[in-house]
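*Asks:* Model the following, please.
(one chain, ligands or ions: 2)
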Amino acid sequence: VALSANGPVTLWARDTGWGRANPRLPGVTLPDAIRLTDDLPDAARADTLLLALPAQALGGFLADHAARLDARHLVSTAKGIDLSKLTGPSTLLAEACPRATVAVLTGPSFAADIARGLPTALTLACADPEAGRALQHDLSTPVLRLYRTTDVTGAELGGALKNVIAIAAGVAIGAGLGDSARAAIVTRGFAEMTRLAARLGARPETLAGLSGLGDLTLTCTSVQSRNFRYGQALGARQPFDAATTVEGAATARAVAVLSRRMGCDMPIAAMVARLTDNSMTVDDAAQQLMTRPLKEE
Ligand SMILES: NC(=O)C1=CN([C@@H]2O[C@H](COP(=O)(O)OP(=O)(O)OC[C@H]3O[C@@H](n4cnc5c(N)ncnc54)[C@H](OP(=O)(O)O)[C@@H]3O)[C@@H](O)[C@H]2O)C=CC1
Ligand SMILES: O=C(CO)COP(=O)(O)O
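*Replies:* Ligands and ions are numbered 1, 2, ... in the order given. All right, here's what the predicted structure looks like:
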């Protein structure tokens, strides 16, 4: 919807039966500048393709369709770590489409806000500086302001890890632990996000930018966030709609494996992994976090 302000856009979906009003984005009618199709070879004639799929669906999608997507500019919006390969979306894309230029578009942005034309700032990450500049130019609009970086690892890890911390923040609020506890989780969560990202080659300043701290702040403080709401339901011991995409749950499991492998201490992410697979109660989680050995900040 945002990009159609710059010119014609083709929107591919596996099911276009909803027409111009998709219930995933209530209240939004797709503008006429958007051409809707369920024919992937037709849509994939474009030079630049945005892949807006959940992180755990991207690998399967690429297994089916990678040959059609190669040698293009491929921009992923997914915020997660693939559970089977323990990598972010840029690596999945680069491995599946070796002749493509891979980029990541991430940062604090609820789809509903962008579709309503509200002002939003994002990070466009591309290892190739020239391609990054061109994409930054092509994908910015008067209300969608893109900053660019070559630190793809940092940008995609910020987006993936903030979802895990947002679940923990939601748990704290849902369990009635209060805003002070949430602030502690956000701050200590940011410390562990930065720690793992640095071990995996990211630049700390990327984590302090829109794709890391910016998105962490948004997601941990807004009930628009599905990850936050899921955590809230867990904390309040209430049911949650299983059809809702909650990227942080699978990513917490991936992070538990990755952090062990890298020897990186991530107590909040580990707690979220155990809460989401029901191997720990909310009370035990709060107790464990508060009784860890006292240490320097
Ligand atoms: N929503 C938001 O505010 C934001 C989301 N993101 C990130 O973008 C990614 C996508 O999120 P979002 O769009 O909200 O997720 P949703 O679950 O709401 O929508 C996912 C879309 O992907 C499609 N899809 C899922 N699996 C497949 C598949 N195997 N083949 C083809 N299409 C598939 C779905 O199609 P169908 O409708 O047919 O099921 C649907 O159109 C996530 O990583 C999320 O974290 C980033 C910023 C903001
Ligand atoms: O990534 C998002 C905002 O930047 C969307 O967050 P949720 O997936 O938690 O709704």
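
*Asks:* contacts, neighbours, all on C-alpha from now
*Replies:* OK.

*Asks:* all helices of the stretch 51-200 of the chain, in order?
*Replies:* Secondary structure of the stretch 51-200 of the chain (DSSP state H, counting those that start in this stretch): helices at 55-69, 89-96, 111-115, 129-139, 152-174, 179-199.

*Asks:* Minimum distance to D47: which of these has it?
*Replies:* The closest of the helices of the stretch 51-200 of the chain to D47 is helix 55-69. By Cα to Cα, the value is 9.5 Å.

*Asks:* Contacts for the closest one, please.
*Replies:* For helix 55-69, the surrounding residues in contact (Cα atoms under 8 Å, 6 or more residues apart in numbering) are 41, 44, 78-83, 88-89, 92-93, 96-97, 100, 247, 250.

*Asks:* restrict these to those near ligand 1?
*Replies:* Intersecting the contacts of helix 55-69 with the surroundings of ligand 1, defined as Cα under 6 Å from any ligand atom, gives 78-80, 247.

*Asks:* Any quick PyMOL command for the buried ones out of the contacts of helix 55-69?
*Replies:* If you want just the buried ones from the contacts of helix 55-69 in PyMOL, going by 16 or more other Cα atoms under 10 Å, the selection is:
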select buried, resi 44+78+79+80+81+82+83+88+89+92+93+96+97+100+247+250
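
*Asks:* quick one: the one helix or strand A254 maps to to helix 179-199, angle?
*Replies:* Here A254, judged by DSSP states H and E, is contained in helix 247-262. Helix 247-262 runs at 50 degrees relative to helix 179-199, counting by axes from the mean of the first three to the mean of the last three Cα atoms, to 10 degrees.

*Asks:* could you check the angle helix 179-199 makes with the helix or strand that helix 247-262 is followed by?
*Replies:* Once the chain leaves helix 247-262, the next helix or strand it forms, by DSSP H and E, is helix 267-276. Put simply, helix 267-276 runs at 110 degrees to helix 179-199, going by the same axes, to 10 degrees.

*Asks:* would you put the C-alpha positions of the helix or strand that comes right after helix 267-276 in PDB?
*Replies:* Sequence-wise, the next helix or strand downstream of helix 267-276 (DSSP H and E) is helix 282-290. Output in PDB follows, covering the C-alpha atoms of helix 282-290 (Å, rounded to 0.1, in the frame of the first residue of the first chain):
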ATOM      1  CA  VAL A 282       5.200 -17.900  35.000                       C
ATOM      2  CA  ASP A 283       5.900 -17.900  38.700                       C
ATOM      3  CA  ASP A 284       9.000 -20.000  38.400                       C
ATOM      4  CA  ALA A 285      10.200 -17.700  35.500                       C
ATOM      5  CA  ALA A 286       9.900 -14.600  37.600                       C
ATOM      6  CA  GLN A 287      11.500 -16.300  40.600                       C
ATOM      7  CA  GLN A 288      14.400 -17.600  38.500                       C
ATOM      8  CA  LEU A 289      15.200 -14.200  36.900                       C
ATOM      9  CA  MET A 290      15.200 -12.400  40.300                       C
END
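
*Asks:* For helix 282-290, list every residue counted as buried.
*Replies:* 282, 285-286.

*Asks:* So for the closest residue in space to L146 that isn't next to it in sequence, what pLDDT did the model give?
*Replies:* Excluding the flanking residues, the one nearest L146 by Cα to Cα, 6 or more residues apart in numbering is L122, at 4.9 Å. According to the prediction, L122 has pLDDT 98.

*Asks:* For Q288, give me the pLDDT.
*Replies:* At Q288, pLDDT is 84.

*Asks:* And it, how close does it get to ligand 2?
*Replies:* Separation of Q288 from ligand 2 (Cα to the nearest ligand atom, to the nearest Å): 25 Å.

*Asks:* ok now the helix holding A254, how far from the chain's centre?
*Replies:* 14 Å (Cα atoms, centre = their mean, to the nearest Å).

*Asks:* could you give the angle of that helix to helix 152-174?
*Replies:* Using the same axes, to 10 degrees: helix 247-262 against helix 152-174 is 120 degrees.

*Asks:* How about residues contacting stretch 206-216?
*Replies:* Under Cα under 8 Å, 6+ apart, the answer for stretch 206-216 is 106-109, 121-123, 151, 154-159, 162-163, 165-166, 186, 190, 193-194, 197.

*Asks:* right, quick check: it against ligand 1, any contact?
*Replies:* No - using Cα under 6 Å from any ligand atom, stretch 206-216 never reaches ligand 1; the gap is at least 9.1 Å.
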